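Q: I'd like to go over a predicted model; first the sequence, then the structure.
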Amino acid sequence: AQSVTQPDIHITVSEGASLELRCNYSYGATPYLFWYVQSPGQGLQLLLKYFSGDTLVQGIKGFEAEFKRSQSSFNLRKPSVHWSDAAEYFCAVGLSFGNEKLTFGTGTRLTIIP
Amino acid sequence: DAGVIQSPRHEVTEMGQEVTLRCKPISGHDYLFWYRQTMMRGLELLIYFNNNVPIDDSGMPEDRFSAKMPNASFSTLKIQPSEPRDSAVYFCASSLRGGSTDTQYFGPGTRLTVL
């Protein structure tokens, strides 16, 4: 079965600094990969997704992620974080076509300090 | 569009009581998903529907949980009887066509506390 690992439970970054959140997956074929963000008291919102093609994908709010097959990773990056980026971030993997299920990682909580 | 609507936003109940959570998906979306989020287990898929028909309920923890979708604009998740370990945030999500590539849109969640 597929699985997703987010090794960092909590990350603290200064406002204006760069950010990288790690995500590793386990799946026998090329997965479909997603990053979602959850602001306090809110539901999850899609930041970006990867299916195929260019391994660097751009998302909303200035985020990007890079798919690296050799490392089974799909890390999320942002060059300069804003205080409003404080939230919980979830990586998710979907199976090949025909299966609607997503498997989510345990999340990384991002704290921004002034 | 108003997005996925869930009610109530917060529910506090006593052990043994019946709890009903409600969800209105985005109009035109064919798929509806129910998730549960806890600190211990993270975000888990409980059940999902396609065109009002349950497709996969393998994530439903036990018989105390049941879900229905009587029409395209309404779904319920019922817990009877409720137990303290059911305390969690329950999310409803919908997607247009389903499939792993389709974006799921999440509601704000219902925070359930069972005393």
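A: Yep, that arrived.

Q: ends of stretch A:38-53, what's the gap?
A: With CA to CA, to the nearest Å as the measure, the first residue of stretch A:38-53 is 27 Å from its last.

Q: which parts of chain B sit against chain A?
A: With the criterion set to CB under 8 Å from any CB of the partner chain, chain B comes near chain A through B:4, B:31, B:33, B:42-43, B:45, B:48, B:50, B:55-56, B:91, B:93, B:95, B:98-109. Placement of C-beta: from N, CA and C, glycine included.

Q: one more time with 6 Å
A: Within chain B, the positions near chain A by CB under 6 Å from any CB of the partner chain are B:42-43, B:45, B:91, B:98, B:100-101, B:103, B:106-109.

Q: please list all residues in contact with the residue most central in space within chain B.
A: Among the residues of chain B, the smallest C-alpha distance to the mean C-alpha position (CA atoms, centre = their mean) belongs to residue B:34, namely 3.1 Å. Under the criterion of CB atoms under 6 Å, 6 or more residues apart in numbering or on different chains, the contact partners of residue B:34 comprise B:46-47, B:67, B:77, B:92.

Q: can I get those in JSON lines with pLDDT, distance to residue A:13 and secondary structure?
A: JSON lines is the format used below for the contacts of residue B:34 (pLDDT from 0 to 100; distance: CB to CB, whole Å; DSSP: H, G, I helix; E, B strand; the rest coil):
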{"residue": "B:46", "pLDDT": "95", "distance to residue A:13": "33", "secondary structure": "strand"}
{"residue": "B:47", "pLDDT": "95", "distance to residue A:13": "37", "secondary structure": "strand"}
{"residue": "B:67", "pLDDT": "97", "distance to residue A:13": "39", "secondary structure": "strand"}
{"residue": "B:77", "pLDDT": "98", "distance to residue A:13": "36", "secondary structure": "strand"}
{"residue": "B:92", "pLDDT": "96", "distance to residue A:13": "32", "secondary structure": "strand"}
